[in-house]
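Asker: Dropping the sequence and predicted coords here.
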Amino acid sequence: MKIIIFGATEVGCLLATEFFEDHDITIIDKEDNRSEEFSKLDISFISGNACDMKVLSQADILNSDIFIACTPVDEANIVACLSAKKVGGIRTICFVSREEYKNTLYFEKTNGLCGDFFIDYIIWPEELLTQEIFRIVTVAHALDVENFADGRARLLEYKVSPHLSIVNQKIKDCKFTNDTLIVGIKRNGELFIPNGDTVLQVDDKLIFMGTAHSLDILAGTFFHEKEYVKSVSIIGGGNVGLMLAKNLEALHIKTKVIETNYERCEYLSQELSKTLIINGDGTNLELLNEESIGESDVVISVTNNDERNLLCSLLAKQLGVKRVISRVSKVLNIPLFEKVGIDIAISPKNSAINEVKNDLAENDVDILATVEQGQGELLEIGVKEDFSGKKIMDLSIPVPAIIGIIQRKNNVIIPKGDTELRTNDNLIIFAKSDDAKFVKEFFKVN
């Protein structure tokens, strides 16, 4: 597949790094924006502006398959995508940073106002980030949450603390709930696929898959004794802070928002009816004490500045907050945040990359989600007729991978070794990202 990326940004670099081994990648941007990271990749680089038809022609737009615009300028991304669509008629993916652009472009596409002259996929990273944080917030102590099959099945990730009964126990001896599987463990920064003899250790991050009901029982039994999130404090009243507060209000969760800009606070107070709006600096320890931020079940720092988010998060931990979630703009900063004790560090760029990966996946394979900064992938693969009747224990998948969920018509099945596959089953499979391509290849039928 030939992919053109307009924007030598961090997102552009992440996309190029993700796809260059299997696809033909061309980057378009000013030469000044070309970093050393791009020079390390086997890709083409064209100096110029993708809004210029001559530059698109130079990039061989007529023979390309995908055009992705991810510069920091929304208007440039939109014009470039529409130009590429007009010239090449190819699939276009446009990154935007403003809600009104996403809404307008989506409305025009769905209502047919543009005819064939539209953008195929509009990505607003802040919206994706909000959705991811909200999923995590609503499950006490979870490090990651993904929902499948209309919420009937889930992925949950928990960290093993020293007081848990499962410490130093083999997985097969832990007596986890039925319809629950441990599909992955991250230990000392490395993700691996466990088996029944794997011994669980303190600070392991355990990735479970199962039915929603069984995971609720698992969580209450082993991890948080039926705790519920009752209060949340948000530092930063921008787009993400506002959207989160609206979602939390809908669940009747007590919410506070701390925002430095007074005019923004006035706007927030008009948009939010049940949320306490505090005009102040989230890095001010005295303010945090006065507002009893330490009593919050969760603190979320979502300003646009990584350094500020890190400081706010550390102060919240110092005040005794059990779970702190921090927005990280620069993906490379995520390990730093985790190393100094921030419970969950999330980047809107990672969320957006996952969306692009799924959009470019094969028609019969979806990437439902990635975990642990892309180290693991959840694949949805349809069962072909050649595999019908085969038992899971008889499959010779060439790499470590676990079939965590089978969707069979309206049923959700958590499989065992003797579970038989049927044609048109949808399998949700967990594998390390480096091994995902081998899993996909295994389930293909020539």
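Answerer: Perfect, thanks for sending it.

Asker: can you tell me the average pLDDT over stretch 334-346?
Answerer: Averaging pLDDT along stretch 334-346 gives 91.

Asker: which residue sits closest to the residue most central in space within the chain, ignoring its sequence neighbours?
Answerer: Nearest to the geometric centre of the chain sits residue 351, at 3.8 Å (Cα atoms, centre = their mean). Leaving out its chain neighbours, the residue that sits closest to residue 351 by Cβ to Cβ, 6 or more residues apart in numbering is residue 128, at 3.8 Å. Yep, even glycine has a C-beta here, placed from its N, CA and C like the rest.

Asker: Tell me, how many residues neighbour residue 279?
Answerer: Residue 279 sits with 18 neighbouring residues when counted by other Cβ atoms under 10 Å.

Asker: And the pLDDT for the residue nearest to the centre of the chain?
Answerer: pLDDT, residue 351: 83.

Asker: re earlier: surely the residue nearest to residue 351 is within a helix?
Answerer: Yes: counting by DSSP: H, G, I helix; E, B strand; the rest coil, residue 128 falls inside a helix.

Asker: Tell me where the longest helix sits in the protein.
Answerer: Of all the elements of type helix in the chain, the one with the most residues (DSSP state H) is helix 74-88.

Asker: got the buried residues for that helix?
Answerer: Judged by neighbour count (16 or more other Cβ atoms under 10 Å), helix 74-88 contains these buried residues: 74, 76, 77, 78, 79, 80, 81, 82, 83, 84, 85, 88.

Asker: which residues touch the second one?
Answerer: Read it as residue 76. By Cβ atoms under 8 Å, 6 or more residues apart in numbering, residue 76 lies in contact with 6, 49, 50, 51, 69.

Asker: and with 7 Å instead?
Answerer: residue 51 (Cβ atoms under 7 Å, 6 or more residues apart in numbering).

Asker: start at 28 instead
Answerer: Sure thing, new numbering starts at 28, so read that last one as residue 103.

Asker: Quick one, grab the pLDDT at it.
Answerer: 95.

Asker: Name the SS class of residue 326, please.
Answerer: strand.

Asker: So the nearest residue in space to residue 343 that is not next to it in sequence versus residue 53, what's the distance?
Answerer: Distances taken as Cβ to Cβ, 6+ apart place residue 326 nearest to residue 343, at 4.0 Å, with adjacent residues excluded. Separation of residue 326 from residue 53 (Cβ to Cβ, to the nearest Å): 43 Å.

Asker: For those two, indicate the residue with more neighbours.
Answerer: Between residue 326 and residue 53, counting by other Cβ under 10 Å, residue 326 is the more crowded of the two (29 against 20).

Asker: distance of that one from residue 91?
Answerer: To residue 91, residue 326 is 45 Å away according to Cβ to Cβ.

Asker: List the buried residues in stretch 334-342.
Answerer: Quick answer for stretch 334-342 (16+ other Cβ under 10 Å): 335, 336, 337, 338, 339, 340, 341, 342.

Asker: What strand or helix carries the residue lying closest to residue 170 once chain neighbours are set aside?
Answerer: Distances taken as Cβ to Cβ, 6+ apart place residue 184 nearest to residue 170, at 4.3 Å, with adjacent residues excluded. In this structure, residue 184 sits in strand 180-186 according to DSSP states H and E.

Asker: Going along the chain, name the strands of the stretch 228-377 of the chain.
Answerer: 232-238, 258-262, 281-286, 303-306, 325-328, 350-354, 371-373 (DSSP state E, counting those that start in this stretch).

Asker: quick one, which of the ones you listed is packed in tightest?
Answerer: Of all the strands of the stretch 228-377 of the chain, strand 325-328 has the most neighbours on average by mean count of other Cβ atoms under 10 Å, namely a mean of 29.

Asker: got the CA coordinates for that strand in PDB?
Answerer: What follows is strand 325-328 as a C-alpha-only set of coordinates in PDB (Å, rounded to 0.1, in the frame of the first residue of the first chain):
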ATOM      1  CA  VAL A 325      -9.400  10.100  41.000                       C
ATOM      2  CA  VAL A 326      -7.500  13.200  39.900                       C
ATOM      3  CA  ILE A 327      -7.100  13.800  36.100                       C
ATOM      4  CA  SER A 328      -4.600  16.400  34.900                       C
END
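
Asker: ok, back up a step: show me the one of the strands of the stretch 228-377 of the chain that comes nearest residue 45.
Answerer: With distances scored as Cβ to Cβ, the stretch of the strands of the stretch 228-377 of the chain nearest to residue 45 is strand 371-373 (18.0 Å).

Asker: Please enumerate the strands of the stretch 28-177 of the chain.
Answerer: For the stretch 28-177 of the chain, the strands defined by DSSP E, counting those that start in this stretch occupy 29-33, 51-56, 71-74, 93-96, 118-122, 148-150, 171-175.

Asker: wouldn't residue 346 be in contact with residue 321 here?
Answerer: Yes: with contact defined as Cβ atoms under 7 Å, residue 346 counts as touching residue 321 (3.2 Å).

Asker: quick revisit: now the residue nearest to residue 343, which residues is it bridged with?
Answerer: Counting by DSSP bridges, residue 326 forms beta bridges with residue 260, residue 351.

Asker: any idea how far it is from residue 272?
Answerer: In terms of Cβ to Cβ, residue 326 sits 13 Å off from residue 272.

Asker: swap in residue 296?
Answerer: Taking Cβ to Cβ, one finds residue 296 at 11 Å from residue 272.

Asker: Show me which of those two is the more surrounded one.
Answerer: Using other Cβ under 10 Å as the criterion, residue 296 and residue 272 rank with residue 272 on top: 25 against 15.

Asker: any idea what sits nearest the more buried one, other than its immediate chain neighbours?
Answerer: residue 302 (4.8 Å).

Asker: quick check, distance from the strand holding residue 184 to the centre of its chain.
Answerer: Computed by Cα atoms, centre = their mean, to the nearest Å, the chain-centroid distance of strand 180-186 equals 14 Å.

Asker: which helices and strands sit right next to that strand?
Answerer: In terms of contacts (3 or more Cβ pairs under 7 Å, 6 or more residues apart in numbering; DSSP states H and E), strand 180-186 is packed against strand 171-175, strand 232-238, helix 239-245.

Asker: will you turn the ones you listed into CSV that also has mean pLDDT?
Answerer: As requested, these are exported to CSV (pLDDT from 0 to 100):
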stretch, mean pLDDT
strand 171-175, 87
strand 232-238, 93
helix 239-245, 86
